[in-house]
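Asks: Sequence plus the predicted model coming up.
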Amino acid sequence: MSEQLLPVKAKKTAKKIVLTQSNDLSLVGLPFNEIQYNIWFATVYELNNYRDRIITTETNTGHNFYMVKFNPTKIPGFTLNYNKKQLTKILQNTARLVVSREYGDIIESMPIYTLCRYNYKTQEIEIGINPLLIGKVRQLQGNYTQYFFEEAINIKGKYNKALYIALSCNEYKKNWIVKLEELSEILQYSDSDRLRNLVSKVVKPFYEKTKDNPAFTFEYEPIYKKIGKTRKLTAIRFYNIENKNMKPKGDIVLSMDKDKLFEIFKNEICSMLEGIYVHAIKGMSFKSYDEDKKVLSIKFKTEEDAKWFSDNETMIMDIYQPTFKKYFPNTTVFYTADTSSK
């Protein structure tokens, strides 16, 4: 019998919940509607913050089946005012959503969900996650984007939600200049709408709504090209994009134990290195972390491994240090050797 999961509780503190999402799976360009965006945000929220509530079942083929449950009425801003027929249709369409990603010479498409259903008895939405994507929606390695859960939920309109994600993805740029056709594709702006109205109908209204937002702000400027005697709107420049309450991009701010963060860091480094370097990194394990002094202590299986790593660290510093600072900003490291039999 499956474990009974507790519903998501209303947030009791003012702490911002940050969603961390792989840029490989950016929702930009996917035809989500507003409710489907909210289902995605709530699913990532559960996967990021409540791992103990995730049901994992091994199938006959040996693959893991992951399922999360959440009660929309317990999530501020998540409205679900649909009759049974409407909700059935929404969940059917949600189950058909496919994510595409491109890496190297390969273009890959796959379904996001294996299950989308609503339990009227518990008032929970039950979501199954494609096991091939599970590593891309939990705490991440490498290239990722962060944005606020509450804001993402409370933003109204599918175009606004898509623009919020797109701006968050490009926050690190001083200027994000995007052609009008490209922005239309990113937002899945309806073909029936005139392209030149994208600024007046989407960008400007969203900007006006965020002007007084203490957490998320941006500026924009239309770019025109002179064609004959007329000027044609061809692109938009976004700048001063900022999530003001968020910690620096390099710091994963979700509640996560330092030993787990260390394992993510170690695995990411191993994916970058080859040969003897990988052996040395794999030999590391977490010992302790001093939060006040920002000191991480790691240990090796043998004194020889510890000495080898210490002697050769400068050789891999260019790869090792930036990644380490992403997970442990302002942190120094001490190495020790553990020669015990344990």
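Replies: Right, received. Where do you want to start?
Asks: What is the least confident helix or strand in this structure?
Replies: Averaged element by element with mean pLDDT, DSSP states H and E, the chain has its least confident helix or strand at strand 18-22 (a mean of 66).
Asks: can you pull the buried residues of whatever helix or strand comes next after that strand?
Replies: From strand 18-22 onward toward the C-terminus, using DSSP states H and E, the following helix or strand is helix 34-49. Within helix 34-49, the residues scored as buried using 16 or more other C-beta atoms under 10 Å are 35-49. All C-beta spots, glycine's among them, are computed from the backbone N, C-alpha and C.
Asks: Pull out the buried positions in stretch 179-194.
Replies: Under 16+ other C-beta under 10 Å, the buried positions of stretch 179-194 are 180, 183, 184, 186, 187, 188, 189.
Asks: Between the two ends of that stretch, how far is it?
Replies: 15 Å (C-alpha to C-alpha, to the nearest Å).
Asks: For the spatially closest residue to residue 119 that is not a sequence neighbour, give the beta-bridge partners.
Replies: Among residues not flanking residue 119 along the chain, residue 126 sits closest, at 6.0 Å (C-beta to C-beta, 6 or more residues apart in numbering). Bridge pairing for residue 126 (DSSP bridges) gives the partners residue 69, residue 117.
Asks: Buried ones in the lengthiest helix in the chain, by neighbour count?
Replies: Ranked by residue count under DSSP state H, the longest helix found in the chain is helix 303-327. For helix 303-327, burial by neighbour count (16+ other C-beta under 10 Å) applies to 305, 306, 308, 309, 316, 320, 323, 324, 326, 327.
Asks: on that earlier part again, relative to residue 210, how far out is the residue nearest to residue 119?
Replies: 33 Å (C-beta to C-beta, to the nearest Å).
Asks: just residue 43 next, same as before
Replies: The value you get for residue 43 to residue 210, if C-beta to C-beta is used, is 25 Å.
Asks: Of all the residues in the host helix or strand of residue 263, which ones are buried?
Replies: Assigned by DSSP H and E, residue 263 belongs to helix 258-272. Within helix 258-272, the residues scored as buried using 16+ other C-beta under 10 Å are 258, 261, 262, 264, 265, 266, 268, 269, 270.
Asks: now it: how far from the chain's centre is it?
Replies: 17 Å (C-alpha atoms, centre = their mean, to the nearest Å).
Asks: likewise stretch 220-236?
Replies: 34 Å.
Asks: Report the mean per-residue pLDDT for that stretch.
Replies: Looking at stretch 220-236 alone, the average pLDDT works out to 88.
Asks: how long is it end to end?
Replies: 7 Å.
Asks: next one: stretch 126-145
Replies: 25 Å.
Asks: Break this structure into its domains for me.
Replies: Here the domain parsing of the chain from automatic domain parsing is 18-154, 158-245, 258-337.
Asks: Give the partner strands of the host helix or strand of residue 226 in its sheet and their orientations.
Replies: Assigned by DSSP H and E, residue 226 belongs to strand 216-227. If you go by DSSP bridges, strand 216-227 pairs up with strand 230-243 (antiparallel).
Asks: what sits up against the strand it pairs with?
Replies: With C-beta atoms under 8 Å, 6 or more residues apart in numbering as the test, strand 230-243 has contacts from 146-148, 167-168, 170-171, 173-180, 183, 196, 199, 203, 215-226.
Asks: So how do I select the buried members of those in ChimeraX?
Replies: Here is the ChimeraX command that selects the buried residues among the contacts of strand 230-243 (16+ other C-beta under 10 Å):
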select :146,147,148,167,168,170,171,176,178,180,183,199,203,216,217,218,220,222
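Asks: how long is stretch 284-302 from one end to the other?
Replies: Stretch 284-302 has an end-to-end distance of 10 Å (C-alpha to C-alpha).
Asks: Please apply the same query to stretch 150-158.
Replies: 15 Å.
Asks: pLDDT at residue 285, what is it?
Replies: Note for residue 285: predicted pLDDT of 87.
Asks: The closest residue to residue 235 other than its chain neighbours and residue 237, how far apart?
Replies: With C-beta to C-beta, 6+ apart as the criterion, residue 235 has its nearest non-adjacent residue at 4.1 Å, and that residue is residue 223. From residue 223 over to residue 237 the distance is 6 Å, taken as C-beta to C-beta.
Asks: before we move on, what about residue 34?
Replies: For residue 34, the distance to residue 237 - C-beta to C-beta - is 27 Å.
Asks: Next secondary structure element downstream of the helix or strand hosting residue 286?
Replies: Residue 286 is located in strand 284-290, with elements delineated by DSSP H and E. Downstream of strand 284-290, the first helix or strand assigned by DSSP H and E is strand 295-300.
Asks: Tell me which residues are up against that following strand.
Replies: 258, 262, 283-290, 306, 309, 328, 331-338.
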